[in-house]
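Asker: coordinates only, sequence not included:
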């Protein structure tokens, strides 16, 4: 068992490169959610501040809707021509679209072309991420099948560090600029910075090797997506349902949380910028620890315990936020998300055979994120705008997600293609 915990030099290189690339690409994607509070009114002018936020999150959701499309396109490429090719293409696309958002003129300068341009660039981000993260998950799973707990733990620590990087940039900008400066131009800095960082990741990823599992495939289906729907539909449904807990927690606990705290609970932005990085540090530590545990415990058992813990701790966290213990409540949510961020990618790679693994993982992951994660800010913001409770609404939403995830876990255990899981 000790051998499973230790990675050799080549395996450390693989997870290190995958983690760095995933971190940069996830950073580029999530900073939209973090900084939309500053630029929403510049692209969607409205007399109602919450309405502007909702409109900006419609574009946020469209980025998620593009993810399954990107998943279909890039998973076909990955199952036909290799995982490495997808990892290189997507990092370039993500970097270019992030840089474009950072340089995009506002509504006051070019009128309706501004929100349209934002929409197009956000769709490109969604297409890129739709192929990027599933390819990373499959690449790690196939590169170290006997050490997936350690591999996913380190990789997902790096990927979620992209969230931490976004939070750190947010804190730095809040200390460097006042609210007017951030709204005027400061929000552009993280997008331009992210686009530049992607160039570094592109050069690094060119050094990766193709996985042995892909090279051994001799019976590739002509149309992987059609084969998936015909032969592995139960696995895909299980993957979509289980992804719900990861996608909803990452959006509610991390991406949407700064907007929720500031605009709906009227918490000072400087306090938020101090709380969120601390929560994210504990989040990435949790991911790493969960990866170590996953060397000894199956992902099904870990997910079952996560569902139970979430049913207990999520209501407690919102009670703490309501009582003014904001940091404690947010940290609880971030720790729960850390467990989900590690175990869900591991679990869904166990559901599909190698010849359609990337297609299956991409469809499960992206559809799950679109339905359960992408819609979360709009559903919660719209419900609160309609007069529903500002604390009760997220709780009801998460209760539904946990129920769906429970059914997904049941079917995943029955239909997994991987005996190790």
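Answerer: Looks like it arrived, so ask away. A quick note: this is a predicted structure, and the numbers were derived from the prediction, not measured. Residues are numbered from 1 along each chain as shown.

Asker: Next, count neighbours for the residue nearest to residue 223 when sequence neighbours are not counted.
Answerer: Closest residue to residue 223 apart from its sequence neighbours, by Cβ to Cβ, 6 or more residues apart in numbering: residue 76 at 8.0 Å. (C-beta placed from N, C-alpha, C; glycine too.) Look at residue 76: counted by other Cβ atoms under 10 Å, it has 18 neighbours.

Asker: Let me know the helix or strand that residue 76 is in.
Answerer: Assigning secondary structure by DSSP states H and E places residue 76 in helix 49-81.

Asker: Mind checking what helix or strand follows that helix in sequence?
Answerer: Elements were assigned by DSSP H and E; along the chain past helix 49-81, the next helix or strand is helix 83-103.

Asker: Contacts for whatever helix or strand comes next after that following helix next, please.
Answerer: Per DSSP H and E, the first helix or strand lying C-terminal to helix 83-103 is helix 107-110. Residues from elsewhere that reach helix 107-110 (Cβ atoms under 8 Å, 6 or more residues apart in numbering): 42-45, 114-115, 117.

Asker: May I see those arranged in a markdown table, with pLDDT, distance to residue 262 and neighbour count as well?
Answerer: As requested, the contacts of helix 107-110 are exported to a markdown table (pLDDT from 0 to 100; distance: Cβ to Cβ, whole Å; neighbours: other Cβ atoms under 10 Å):
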| residue | pLDDT | distance to residue 262 | neighbour count |
| --- | --- | --- | --- |
| 42 | 78 | 17 | 21 |
| 43 | 77 | 18 | 23 |
| 44 | 73 | 17 | 21 |
| 45 | 72 | 19 | 14 |
| 114 | 83 | 23 | 20 |
| 115 | 82 | 22 | 21 |
| 117 | 88 | 26 | 17 |
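
Asker: Widest-spaced pair of these?
Answerer: By the measure Cβ to Cβ, 45 and 117 form the most distant pair in those, at 15.3 Å.

Asker: With respect to residue 402, which of the contacts of helix 107-110 is nearest?
Answerer: Of all the contacts of helix 107-110, residue 44 has the smallest distance to residue 402: 32.4 Å, by Cβ to Cβ.

Asker: Could you verify my assumption that the closest one touches residue 115?
Answerer: Yes. In this structure residue 44 lies within contact range of residue 115 using Cβ atoms under 8 Å: 6.2 Å.

Asker: mind showing which ranges of the stretch 1-150 of the chain have poor pLDDT?
Answerer: For the stretch 1-150 of the chain, applying pLDDT under 70 flags the ranges 1-5, 25, 28-29, 46-57, 59-61, 64.

Asker: one more time with 80
Answerer: Along the stretch 1-150 of the chain, segments meeting pLDDT under 80 span 1-11, 13-14, 17-18, 20-22, 24-26, 28-65, 67, 81-82, 145-146.

Asker: For the helix or strand containing residue 412, list every residue counted as buried.
Answerer: Applying DSSP H and E as the criterion places residue 412 in helix 392-415. Neighbour counts over helix 392-415 (16 or more other Cβ atoms under 10 Å) mark 393-394, 397-398, 401-402, 404-406, 408-409, 411-413, 415 as buried.

Asker: Next, find the distance separating residue 39 from residue 104.
Answerer: Here residue 39 is placed at a distance of 9 Å from residue 104 (Cβ to Cβ, to the nearest Å).

Asker: Which one's more surrounded, the two?
Answerer: Neighbours were counted for residue 39 and for residue 104 using other Cβ under 10 Å; residue 39 has more, 25 against 21.

Asker: who are the neighbours in contact with the closest residue to that one other than its chain neighbours?
Answerer: Leaving aside its chain neighbours, residue 39 sits nearest to residue 187 (4.9 Å; criterion: Cβ to Cβ, 6+ apart). Counting by Cβ under 8 Å, 6+ apart, residue 187 touches 35, 38-39, 173.

Asker: Determine which two of those residues are furthest apart.
Answerer: Greatest spacing in those, by Cβ to Cβ: 39 and 173 (12.6 Å).

Asker: Now do stretch 363-382, average pLDDT.
Answerer: The predicted model assigns stretch 363-382 a mean pLDDT of 85.

Asker: From here on, call the first residue 590.
Answerer: Yep, numbering from 590; the last one is stretch 952-971 now.

Asker: Pull out the buried positions in that stretch.
Answerer: Using 16+ other Cβ under 10 Å as the test for burial, stretch 952-971 gives 952-970.

Asker: In helices, which of those fall?
Answerer: If you go by DSSP state H, those have 952-957, 965-970 in helices.

Asker: Could you name the helices and strands sitting against the longest helix belonging to the chain?
Answerer: Longest helix in the chain, counting residues (DSSP H): helix 598-632. Helix 598-632 sits against helix 638-670, helix 672-692, helix 696-699, helix 702-732, helix 737-765, helix 777-794, helix 846-848, with contacts defined as 3 or more Cβ pairs under 8 Å, 6 or more residues apart in numbering; DSSP states H and E.

Asker: and of these, who's closest to residue 978?
Answerer: Nearest to residue 978, of these and by Cβ to Cβ, is helix 638-670 at 15.0 Å.

Asker: got the contact list for residue 859?
Answerer: Applying Cβ under 8 Å, 6+ apart to residue 859 gives the contacts 763-764.

Asker: Please repeat the previous calculation with a cut-off of 7 Å.
Answerer: residue 763 (Cβ atoms under 7 Å, 6 or more residues apart in numbering).

Asker: pLDDT of the strand or helix carrying residue 835, averaged?
Answerer: Using DSSP H and E, residue 835 falls within helix 822-839. If you average the pLDDT over helix 822-839, you get 93.

Asker: so residue 806, which of the three states?
Answerer: Under DSSP: H, G, I helix; E, B strand; the rest coil, the three-state class of residue 806 is coil.

Asker: Show me which residues of stretch 795-812 are buried.
Answerer: Neighbour-count burial for stretch 795-812 flags 797, 800, 802-803, 806, 810 (criterion: 16+ other Cβ under 10 Å).
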